[in-house]
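J.: Predicted model follows, preceded by the sequence.
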Amino acid sequence: MNKFKTTLVLSALALATSAVNAETFDVIVKHKTQMSAMSKDGAASKAQLVNTMSMVDAQITKMKHRSTGKSNYTIVTVEAADAQSALVSLKRSGQFDEVSIVPQMTVPSPKGAVSYRAHASSVDGGTPMDLYYSDQQGYMAALKAGNNHTGDTYSGHNFEAVWANEPENTTTVRVGVADGGFAKHKDVAFASESADFIDNDGDAFAEDESIFLPGENSCSPHGNGVASGIAALHDGVVGIVGAATNVEVVAARVLDCGIGGLQFVDAVQWFAGKSYAHLGIPDISEPVDVINLSVGGESICGNYTAESIKYATDRGIPVVIAAGNASINVDDWFPANCEGVITVGATNWTHDKADFSNYGGKLTLSAQGVDVLGYGAENAGSEGYAMWWEGTSNAAPIVAGAIANVKSRGADLSNDELDYFLRATANDFASDSECTTNDNMCGAGSLNAYNLTEASVRYANNELGYIKHSVADNSTCDAQLLIDQLGESARICEMYTVSFNEFATAKNGLSYNMYRVTKGTEMTESNAELFLENEAQPHFNMVLTQEELDSYDYGYTMCDNGTCSTTILPMTVDSTKNAECP
Ligand SMILES: [Ca+2]
Ligand SMILES: [Ca+2]
């Protein structure tokens with residue numbers, strides 16, 4: 001490694017002795033406000049930084065200028081006796097608001113190649129015919145007792161119902177995946193554009209795929225494992241399917257053979273439309289719709305990372321992040337611990353926390369992270385084809401793909417709304433699951449892609465909330481049976497179903513307020529009467545009189561730990577009773 005650039009060595013001469021037995025560290029510094037104003041061009045900033053460094057006990061060997069919004073950051077590679085003295089030296093210079101070591105991230109390799117399994121013989125609407133689909137069915141089908149390849153219980157995410165009910169006209173959604181180990185694959189929908197933040201060019205794909213051949217020095221084709229979880233083609237023939245149907249993955253290479261620092265942070269901003277042309281990376285043609293980050297390391301969420309993620313979320317792009325595989329509280333794992341993101345933990349075949357998964361109150365929800373089929377590199381030999389993957393890296397793309405399907409259906413939800421629906425519609429964990437018995441372990445539940453999609457699409461069309469006679473949909477015979485059985489005690493004929501979200505279950509922290517106004521009056525918070533407050537159930541039966549139904553319009557708000565949606569959402573009221581009722 002060529003550590004000393006001539007120009008930098010000159011200004012660091014005073015410290016030449018300190019370089020003996022020194023190590024190198026990547027450090028991110030945030031320039032003080034007055035300096036950032038004058039350091040718009042990298043050269044001025046560099047000169048000033050080099051001058052600064054000549055006064056401290058560390059040497060700069062490399063630097064890259066970064067910025068988010070009005071803030072200026074520089075990543076410098078410094079040589080010092082140890083990490084602590086590098087930080088102390090930089091802090092002592094007084095030039096920076098912030099100085100911290102760049103955390104290192106690594107990603108796992110696949111567990112092994114898939115062994116062939118024959119198709120399930122019955123194929124209906126939502127069931128793909130792709131060769132290995134039967135090994136994906138356990139986590140793609142609805143939750144049910146079943147028979148996965150190990151004979152355990154299914155923990156399905158209900159994707160088959162999404163695919164079966166997909167309308168003709170959906171739009172193509174772009175998911176940005178910042179990762180490493182990408183290789184073009186005939187069964188994965190990669191966008192024609194990509195970015196490489198390691199080599200600083202516009203091509204994220206490996207030139208020589210032999211680096212992915214199994215062996216001591218091989219690189220993990222992790223990027224393909226992640227991308228295929230989202231965007232493997234539903235072609236009905238080849239290999240596997242991804243979670244999303246009308247989708248393409250915009251790849252950004254941020255890992256060098258599975259190892260990286262803060263390059264992914266730049267990729268997040270590039271995905272959201274920021275130019276990195278000064279690095280040699282072509283601008284993105286349009287911002288992506290969803291971002292997936294299956295990368296991370298043990299660290300706080302530094303300001304540079306936080307600001308960059310905010311740059312994307314402020315532009316309405318949801319950022320889905322793997323919780324990490326260290327079996328520690330996610331509070332200590334970045335970027336999963338950053339604000340405003342969707343953090344995904346991993347569950348196993350028994351619908352419980354995967355033993356490796358990070359956990360904690362910051363998790364949004366969980367998805368299958370054990371024995372997930374994904375691709376390696378197609379042209380790296382037969383072992384590089386479909387592989388078994390394990391990790392939160394493979395759980396996050398299942399959620400990102402589910403979100404892509406929602407967006408594909410034209411449901412234009414804010415990130416907060418999406419976060420709400422992900423949690424409200426998630427499958428509850430089994431009662432004996434560690435996710436249930438220990439609070440705040442695995443998030444609100446396990447992804448239910450169908451419930452998420454249906455709730456989101458109906459919500460976006462103002463069709464989610466309703467009041468309807470409780471037995472209106474029952475056949476005359478069933479209704480009569482209920483009426484006979486329950487009789488007057490249940491006042492079945494006066495019972496109405498009040499539904500804020502029929503695809504949701506009660507979840508910690510989530511609640512609903514119900515309002516009413518005199519029929520025909522505008523429904524605003526100031527003139528509406530609070531009819532039910534802090535109701536935990538999203539769907540229940542209650543007695544309502546004919547007069548109450550005839551005289552009022554009804555609406556509701558969704559609340560997340562006491563913070564409620566600002567506008568009151570309308571509920572449709574159908575007071576038609578079952579024919580058997582008086
Ligand atoms: Ca490249
Ligand atoms: Ca396929």
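T.: Thanks, I have the structure now. Numbers count the residues shown, from 1 in each chain. Ligands and ions are numbered 1, 2, ... in the order given.
J.: Next one: the closest residue to ligand 1 within the stretch 151-300 of the chain from residue 204, what distance?
T.: Closest contact between the stretch 151-300 of the chain and ligand 1, by Cβ to the ion, is at residue 196 (3.6 Å). Every residue, glycine included, has its C-beta placed from N, CA and C. Distance of residue 196 to residue 204, computed by Cβ to Cβ, to the nearest Å: 5 Å.
J.: Test for you: state the pLDDT assigned to the closest residue to residue 156 other than its chain neighbours.
T.: Residue nearest to residue 156 in three dimensions, not counting chain neighbours: residue 141, with 4.2 Å by Cβ to Cβ, 6 or more residues apart in numbering. We have a pLDDT of 86 for residue 141.
J.: One more: the one 4 residues further on?
T.: You'll see residue 145 listed with a pLDDT of 52.
J.: Which strand or helix spans the residue in the chain that ligand 2 sits nearest to?
T.: Closest residue of the chain to ligand 2, Cβ to the ion: residue 130 (4.0 Å). Using DSSP states H and E, residue 130 sits in no helix or strand.
J.: Can you name the residues that contact it?
T.: By Cβ atoms under 8 Å, 6 or more residues apart in numbering, the contact list for residue 130 reads 232, 234, 235, 236, 237, 238, 239, 240, 241.
J.: and the residues you listed near ligand 2, which?
T.: Taking Cβ under 5 Å from the ion as the test, ligand 2 is in contact with 235, 238, 239 out of the contacts of residue 130.
J.: Most neighbours among these, which one is it?
T.: Of all the ones next to ligand 2 among the contacts of residue 130, residue 239 has the most neighbours under the rule other Cβ atoms under 10 Å, reaching 24 neighbours.
J.: Verify the stated contact: it with residue 129.
T.: No. Taking contacts as Cβ atoms under 8 Å, residue 239 lies outside contact range of residue 129: 11.3 Å.
J.: Tell me the residues on this protein that lie near ligand 1, please.
T.: Residues of the chain lying near ligand 1 (Cβ under 5 Å from the ion): 196, 199, 201, 203.
J.: nearest to residue 414, of those residues?
T.: residue 196 (31.6 Å; Cβ to Cβ).
J.: so which helix or strand takes in residue 90?
T.: helix 83-92.
J.: Pull up the pairing partners for the next helix or strand after that helix, direction included.
T.: Downstream of helix 83-92, the next assigned helix or strand under DSSP H and E is strand 96-101. Here strand 96-101 is paired, per DSSP bridges, with strand 23-31 (antiparallel).
J.: Using neighbour counts, pick out the buried residues of the strand it pairs with.
T.: 24, 25, 26, 27, 28, 29, 30, 31 (16 or more other Cβ atoms under 10 Å).
J.: Same check on stretch 94-112?
T.: 95-96, 98-103, 105, 107-110.
J.: Then stretch 508-523?
T.: Buried residues in stretch 508-523, counting neighbours by 16+ other Cβ under 10 Å, are found at 510, 511, 512, 513, 514, 515, 516, 517, 523.
J.: ok, and what's touching it?
T.: Identification of contacts with stretch 508-523 by Cβ under 8 Å, 6+ apart yields 420, 423-424, 444, 498, 500, 504, 525, 527-538, 550-561, 564, 568, 570-571.
J.: Dihedrals phi and psi, residue 510?
T.: Here is the backbone geometry of residue 510 (degrees, to the nearest 10): phi -100, psi 140.
J.: partner residues bridging it?
T.: Assessed by DSSP bridges, residue 510 has beta-bridge partners residue 560.
J.: per-residue pLDDT, it?
T.: pLDDT for residue 510: 97.
J.: who has more neighbours, residue 196 and residue 204?
T.: Ranked by neighbour count (other Cβ under 10 Å), residue 196 and residue 204 place residue 204 first, with 31 against 22.
J.: need the next SSE after the lengthiest helix in the chain, C-terminal direction.
T.: The single longest helix within the chain, with elements called by DSSP state H, is helix 392-408. Per DSSP H and E, the first helix or strand lying C-terminal to helix 392-408 is helix 415-424.
J.: about what we covered before: state the mean pLDDT of the helix holding residue 90.
T.: Helix 83-92 carries an average pLDDT of 85.
J.: which strands and helices sit next to it?
T.: strand 23-31, strand 71-80, strand 96-101 (3 or more Cβ pairs under 8 Å, 6 or more residues apart in numbering; DSSP states H and E).
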